[in-house]
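Q: no sequence for this one, just the structure:
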């Protein structure tokens, strides 16, 4: 069932009534209601348990979802808007990453301390690789290497995608957040929450190439990169902010408040819009043209809407939601704002 602006307002008032002052803080500084248009709600298999990261293969018309609470990975056909496959055996799965050139899907199964390698079509398990408290992951195509954050082990784990073997564990220190490959600079970037640093890794040498402070950010975790402006966006989950970081000057250029307990963020380089999701269900939208941070919309979206993914081909937004009407769904929206 479509949820329009009126229903979202009712939901927001309900959240504020329950959450008191903590919820009221979400309204402070809000720009305008979310200008989103519902495209579809895709019913998902499994229980109404926590969903986590999403990975979108635009060319292959697939969205891969981490059903963390069910320990499974779900493949959704984004053209037909239906479930294509479900893969089991990924306990407490968090990060998922589609690598179309290899025909593989990588899942960070924190519950078993592994990266699970799956066939991206059938989601059949092909290999299991020990990787500690696996969370975020990204791929460097030229080297065919996977970089995986070991959240509580303080490492970024390097895996050879050709052999499914660990090549090295790179110490980055502390509580490690997400990791992203920047194709423009050729560096792998890691958010370190305990030291509030952005750590740059040389993926060929597998060594730390730089450490950069993130002033104004507490609990650095989520990362999104806009290669068109050579900017990284880092979420501070402990103080509910997002920052812009110049990848040419290696410094923070702006910090802005977002929803409480910010989690996953994604950017659409073509439209210069950054979408930031939070555990509180508040979604924030920024104009990031030129690498800046101009908030253009913000509002309550849905309960537990802490993950967002952008299809860079269709520009549609995908929100895996734990429970709507007692069932998990993938909500597909079109952004129609400024």
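A: On my side now, so go ahead. As the structure is a prediction and not an experimental result, all values here were calculated from the model. Numbering: from 1, shown residues only.
Q: report how many residues lie close to residue 318.
A: By other Cβ atoms under 10 Å, 22 other residues sit near residue 318. For glycine as for every other residue, the C-beta is placed from the backbone atoms N, C-alpha and C.
Q: same check on residue 63?
A: With other Cβ under 10 Å as criterion, residue 63 counts 26.
Q: distance of it relative to residue 76?
A: According to Cβ to Cβ, to the nearest Å, residue 63 stands 5 Å off from residue 76.
Q: what's the answer for residue 51, then?
A: Going from residue 51 to residue 76 by Cβ to Cβ gives 12 Å.
Q: and what of residue 117?
A: According to Cβ to Cβ, residue 117 and residue 76 sit 20 Å apart.
Q: kindly report the same for residue 326.
A: Residue 326 is 19 Å from residue 76, by Cβ to Cβ.
Q: more crowded one of those two?
A: residue 76 (24 against 7).
Q: using the three-state scheme, assign that one.
A: The local conformation at residue 76, judged by DSSP: H, G, I helix; E, B strand; the rest coil, is strand.
Q: surely it meets residue 40?
A: No. Using Cβ atoms under 8 Å, residue 76 is not in contact with residue 40; the gap is 10.2 Å.
Q: endpoints of stretch 243-261, how far apart?
A: 14 Å (Cα to Cα, to the nearest Å).
Q: starting at the chain centroid, how far to it?
A: Mean-position distance between stretch 243-261 and its chain equals 16 Å (Cα atoms, centre = their mean, to the nearest Å).
Q: please apply the same query to stretch 72-80.
A: 17 Å.
Q: and that stretch, what's its mean pLDDT?
A: For stretch 72-80, mean pLDDT rounds to 98.
Q: likewise stretch 274-286?
A: Stretch 274-286 comes out at a mean pLDDT of 98.
Q: list the buried residues of that stretch.
A: 274-286 (16 or more other Cβ atoms under 10 Å).
Q: please apply the same query to stretch 315-333.
A: 316-324, 328-333.
Q: in stretch 57-65, what counts as buried?
A: Neighbour counts over stretch 57-65 (16+ other Cβ under 10 Å) mark 57, 58, 60, 61, 62, 63, 64, 65 as buried.
Q: my bad, stretch 61-81
A: Applying 16+ other Cβ under 10 Å to stretch 61-81 flags 61-76, 78 as buried.
Q: also stretch 115-130?
A: Buried, per 16+ other Cβ under 10 Å, within stretch 115-130: 115, 116, 117, 118, 120, 123, 125, 128, 129.
Q: stretch 260-276 too?
A: Within stretch 260-276, the residues that qualify as buried are 260-269, 272-276, counting by 16+ other Cβ under 10 Å.
Q: cool, stretch 234-244 as well?
A: Using 16+ other Cβ under 10 Å as the test for burial, stretch 234-244 gives 234, 235, 236, 237, 240, 241, 242, 243, 244.
Q: can you tell me how far the fifth one is from residue 216?
A: Read that as residue 240. In terms of Cβ to Cβ, residue 240 sits 12 Å off from residue 216.
Q: again with the last one
A: Computed with Cβ to Cβ, the distance linking residue 244 and residue 216 is 11 Å.
Q: next one: the second one
A: Applying Cβ to Cβ, the value for residue 235 to residue 216 is 12 Å.
Q: now do the shared contacts for those two.
A: residue 241 (Cβ atoms under 8 Å, 6 or more residues apart in numbering).
Q: surely residue 153 meets residue 133?
A: Yes. If you go by Cβ under 8 Å, residue 153 and residue 133 touch, sitting 5.9 Å apart.
Q: number of residues surrounding residue 49?
A: Residue 49 has 14 nearby residues by other Cβ under 10 Å.
Q: and it, what helix or strand is that in?
A: Using DSSP states H and E, residue 49 maps to neither a helix nor a strand.
Q: got phi/psi on the nearest residue to it once chain neighbours are set aside?
A: Once flanking residues are discounted, residue 49 sits nearest to residue 69: 2.3 Å by Cβ to Cβ, 6 or more residues apart in numbering. For residue 69, the backbone dihedrals (degrees, to the nearest 10) come out as phi -70, psi -30.
Q: where in this structure is pLDDT low?
A: 1-32 (pLDDT under 70).
Q: hmm, back to that, joint contacts of residue 51 and residue 76?
A: Joint contacts of residue 51 and residue 76 (Cβ under 8 Å, 6+ apart) are residue 65.
Q: OK, contacts around residue 294?
A: Residues in contact with residue 294 (Cβ under 8 Å, 6+ apart) are 286, 287, 288.
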